[in-house]
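K.L.:
got a sequence here, can you build the structure:
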Amino acid sequence: MRVGIVTPTYTIERYLPETLESMIGQTHKEWRAVVVDDGSTDGTVAVAQAIAAKDPRIEVLQQTNQGGAAARE
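P.N.:
The predicted structure follows:
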């Protein structure tokens, strides 16, 4: 079974490593995650991209700030 995860983010540089490392550490390995940055003003995108560079199951998308609902679309 494959699992898809959408993680909308906005200025959460501090918490994102723990979130993504938790995904990576799961025993179930057939998953794919899309981190959608919703116009963060801190280093959220850089953190997401650095972690995604180490794990091909993680993709990072960026958009201008539109709110959480738009980030989930």
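
K.L.:
ok, now which ones touch the residue most central in space within the chain?
P.N.:
In the chain, the C-alpha closest to the average C-alpha coordinate belongs to residue 35, at a distance of 2.6 Å (Cα atoms, centre = their mean). For residue 35, the contacting residues are 7, 9, 16, 20, 48, 52, 58, 59, 60, 61, by Cβ atoms under 8 Å, 6 or more residues apart in numbering. Every C-beta, even on glycine, is put in place using the N, C-alpha and C of the backbone.

K.L.:
enumerate every residue touching the second one.
P.N.:
Residue 9 makes contact with 16, 35, 36, 37, 38, 40, 44, 48, 71 under the criterion Cβ under 8 Å, 6+ apart.

K.L.:
cool, residue 38 as well?
P.N.:
8, 9, 10, 63, 65, 66, 67, 68, 70, 71.

K.L.:
most neighbours out of these, which is it?
P.N.:
residue 9 (23 neighbours; other Cβ atoms under 10 Å).

K.L.:
please pull out the lowest mean pLDDT helix or strand from the chain.
P.N.:
When the helices and strands of the chain are scored by mean pLDDT, DSSP states H and E, helix 68-72 comes last with a mean of 69.

K.L.:
please enumerate the helices of this structure.
P.N.:
16-24, 44-52, 68-72 (DSSP state H).

K.L.:
that's all I had, so thanks and see you.
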